[in-house]
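In: here is a sequence with its predicted model. Questions after.
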Amino acid sequence: MSTLISPESLELAPPPFVAPPHRKRWLLIQPKSNTPLMVDSGKVSMPLNLLMVASMLKEHFLVDFLDERVGDEVPQDFTGYDIVALTSRTLNAKRVYAIADRARAQGKKVILGGVHPTMMIDEAREHCDTVVFGEIESIYDELTRDIYADQLKPLYRPASEAGWKPMSTLDQPDFSFARRSPNSKHYSFRLPLLATKGCPVGCNFCCTPRIYGKNFRMREVERVIDEIRMRQYESGKPNIHFSFMDDNISFRPAFADALFNAMVGMGVKWNANISMNFLEKPEVSALAKEAGCQMLNVGFESVSPETIKHVHKGSNRTARYDEIVSNVHKQGIALQGYFIFGFDTDTPASFQHTYDFIMQNRIEFPVFTIATPFPGTPWYEEVRHRLVQHDWDKYDTFHYMYEPAKMQRDEFLRNFIKVQREIYSWPNIWKRMAGRKLDWVWLVNVAMHHFTQRLTPATFM
Ligand code: B12
Ligand code: SF4
């Protein structure tokens, strides 16, 4: 006779942790960034990373939650808290460290997590008691026991890539932490949703493969659908909007296919980051449309095959770009296309080629960024001796960080401004958007027109 739970597995599993009656209190902080550019302006999306952290902690701790980006104020005095914990990307690391230093000076335990502390463990440790490498889910049990035993370690990190927990164990994130804020009206109506984690494509400028390695994990499709239903119930209506936070929702095409099929008929609208190679098949866009897709966020990065090779982006075949755009547009799905300038293979002609591609293919929402060597990536190591700025506040992908091989700064910035102004000039907005009904993508273009008119070389320094 077979048993569902073997005696061995019972022996191995540690007993569930029961928190003592006096719960420790955490303050979780999503700090703002100091960049003057558009990154945190307007409506921002709810910070899924910190909401995941809060949702886990609530079983064993008391949790307060602050998001400086929407206007929540970080207290000067941290009395009442046992632990002050912050999430950090590179662009807000300096702000994070300033708050962390203040909390430590008041004798609080400080924990840092997120991409920047994960990539810069030694630097982050100078400002805190503990760094969490990668996601909290995979080290949560150990961290919780250690906190109540007063034995915090300086670093929590799964022993190997195999140590990442399956995503089936992921709890449904509790948005009430963010919604309780008196400033919650500044959150976008698009709700964050996560179906997969990781992306092993391995682009040399991207942090994701450095954190999760070759790992790509998926939730069960039913769990994602359950979460969508739960949000519909909370909102009191079926027609709600999601932004998938996945690095690359289509890395396992069969999963994306099953997920999109399950979403058909649910009445939701969504957008997601998606790999270009997946869109080579016209039926993918057709199914995405049926499932409620409004916009796909696609990293074209460059129209030059040489640059694509240079950045190790094996998922992009430039020869098929036109066909992919046509597949997406046939379904009435808008494209948010990301274009990066400033790799060593780029020349002044790269701007003209990109302009031609965008205009010919009528990309609705092109986003232009400057190649940014994020610390911890292989590309950072390659170009660090050429960095012209070392200020973390400027790591927002809109600042001129290093000297590319084939262009001088003035020439680069002149062309970078020109291409944006031209793409977002009134006649070109009209050409790219003609035939599209008046919607939020038009509004984005109007905002981009005004934004690009104000650009000067100093903006990017
Ligand atoms: C979705 C996404 C966005 C969304 C963000 C939505 C949001 N509200 O957060 C949007 C599109 C708005 C966005 C914007 C930008 N993004 Co972005 N984004 C991502 C992406 C693909 C996924 C992030 C995510 O939400 N994942 C799901 C959550 C659940 O996982 P997580 O973030 O890893 O969080 C877990 C752990 O980090 C950990 N954790 C996190 N914080 C904390 C805190 C504590 C105390 C603890 C214990 C644990 C912990 O536990 C969490 C739960 O599992 C990442 C890539 C990546 N994998 O990180 C890039 C990424 C974070 N983005 C990046 C960049 C550069 C940007 C922009 C600057 C781009 C731009 N020019 O606009 C802006 C910056 C916006 C800002 N103010 O931060 C870079 C950051 C690099 C760096 N070193 O800082 C990344 C890493 C991509 C890359 N190129 O490598 N982004
Ligand atoms: S395809 Fe996107 S998420 Fe994947 S490694 Fe490249 S830049 Fe990162």
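Out: Yep, it's here. The structure displayed is predicted, hence computed values, not measured ones. Ligands and ions are numbered 1, 2, ... in the order given.

In: show me what contacts F460?
Out: Under the criterion of C-beta atoms under 8 Å, 6 or more residues apart in numbering, the contact list for F460 reads I370, F398, H399, Y400, L413, F416. The C-beta positions use only the backbone N, C-alpha and C, and glycine is treated the same way.

In: ok, now F65?
Out: When contacts are counted by C-beta under 8 Å, 6+ apart, F65 touches L28, L50, L51, A54, F177, A178, R180, S181.

In: of those, buried ones?
Out: L28, L50, L51, A54, F177, A178, S181 (16 or more other C-beta atoms under 10 Å).

In: sort out for me which of these are in strands.
Out: When DSSP state E defines the strands, the subset of those inside them is L28.

In: rewinding a little: now, the most widely separated pair of the contacts of F65?
Out: Of all pairs drawn from the contacts of F65, the widest gap by C-beta to C-beta lies between L50 and R180 and measures 13.4 Å.

In: ok, E403 touching R386?
Out: Yes - distance between E403 and R386: 5.1 Å, which falls inside the contact criterion (C-beta atoms under 8 Å).

In: follow-up on the earlier one: out of the contacts of F65, who's nearest V444?
Out: A178 (23.7 Å).

In: just give the nearest non-adjacent residue to the closest one, would you?
Out: Here the nearest residue to A178 in space, its sequence neighbours aside, is M46; by C-beta to C-beta, 6 or more residues apart in numbering that works out to 4.7 Å.

In: pLDDT weak spots in the stretch 201-350 of the chain?
Out: Confidence mapping of the stretch 201-350 of the chain against pLDDT under 70 gives zero matching residues.

In: okay, helices next: where are they in it?
Out: 208-212, 221-235, 253-263, 282-290, 305-310, 321-330, 348-361 (DSSP state H, counting those that start in this stretch).

In: would you list these in a markdown table and tack on mean neighbour count and distance to ligand 1?
Out: As requested, the helices of the stretch 201-350 of the chain are exported to a markdown table (neighbours: other C-beta atoms under 10 Å; distance: least, C-beta to the nearest ligand atom, whole Å):
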| stretch | mean neighbour count | distance to ligand 1 |
| --- | --- | --- |
| helix 208-212 | 19 | 4 |
| helix 221-235 | 15 | 13 |
| helix 253-263 | 18 | 16 |
| helix 282-290 | 18 | 18 |
| helix 305-310 | 17 | 16 |
| helix 321-330 | 18 | 19 |
| helix 348-361 | 17 | 17 |
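
In: quick one, which of those is nearest to F242?
Out: Taking C-beta to C-beta as the measure, these were each checked against F242, and helix 221-235 came out nearest at 7.2 Å.

In: list the contacts of that closest one.
Out: Helix 221-235 is contacted from outside by 168, 170, 172, 175, 191, 193, 195, 238, 240, 242, 255, 258-259, 262-263, 266-268, using C-beta under 8 Å, 6+ apart.

In: any of those buried? List them.
Out: The neighbour-count criterion (16+ other C-beta under 10 Å) marks 170, 175, 191, 193, 195, 240, 242, 255, 258-259, 263, 266, 268 among these as buried.

In: adding distance to ligand 2, write these out as CSV.
Out: As requested, those are arranged in CSV below (distance: C-beta to the nearest ligand atom, whole Å):
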residue, distance to ligand 2
L170, 19
F175, 25
L191, 21
L193, 17
A195, 14
I240, 26
F242, 19
F255, 15
A258, 21
L259, 18
M263, 22
M266, 26
V268, 24
